[in-house]
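**Q** starting from these lines, generate the structure:
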Amino acid sequence: MNRKNAAKFSKFIRKTYYYNSYDHLDDQIIDIIKTHKIDLIMPYDELEGRWIRENMELLSKYSTCMGHRDSIF
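**A** Numbers count the residues shown, from 1 in each chain. This next block holds a predicted model:
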């Protein structure tokens, strides 16, 4: 994750989670979704957006996923 990305200061983002590698990232994200009852996954960096798109079928079982380039309007 890009720790310098200004998007993390958006009024719509309450908390960010950092990771050091993509190993077991799906398990980590699912655990965070369940623990915090997250209803929308919205990546705001390019690498995370790609990862979410590649794993959307799995993650959409637990929460709504928005691809990096998807529009909400």
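
**Q** tell me which strands and helices the longest helix seen in the chain is in contact with?
**A** Counting residues, the longest helix in the chain under DSSP state H turns out to be helix 25-36. With contacts defined as 3 or more CB pairs under 8 Å, 6 or more residues apart in numbering; DSSP states H and E, helix 25-36 has these neighbours: helix 56-59. (Each C-beta comes from the backbone N, C-alpha and C, glycine too.)

**Q** the following helix or strand past the helix it packs on pairs with which strands, and in what direction?
**A** Moving toward the C-terminus from helix 56-59, the next helix or strand (DSSP states H and E) is strand 64-65. Note on strand 64-65: by DSSP bridges, its sheet partners are strand 40-41 (parallel).

**Q** can you list the buried residues in the longest helix of the chain?
**A** 29, 33 (16 or more other CB atoms under 10 Å).

**Q** so what touches it?
**A** Contacts of helix 25-36 with the rest of the structure, by CB atoms under 8 Å, 6 or more residues apart in numbering, involve 15, 17, 19, 38, 41, 51, 55, 58-59, 62-63.
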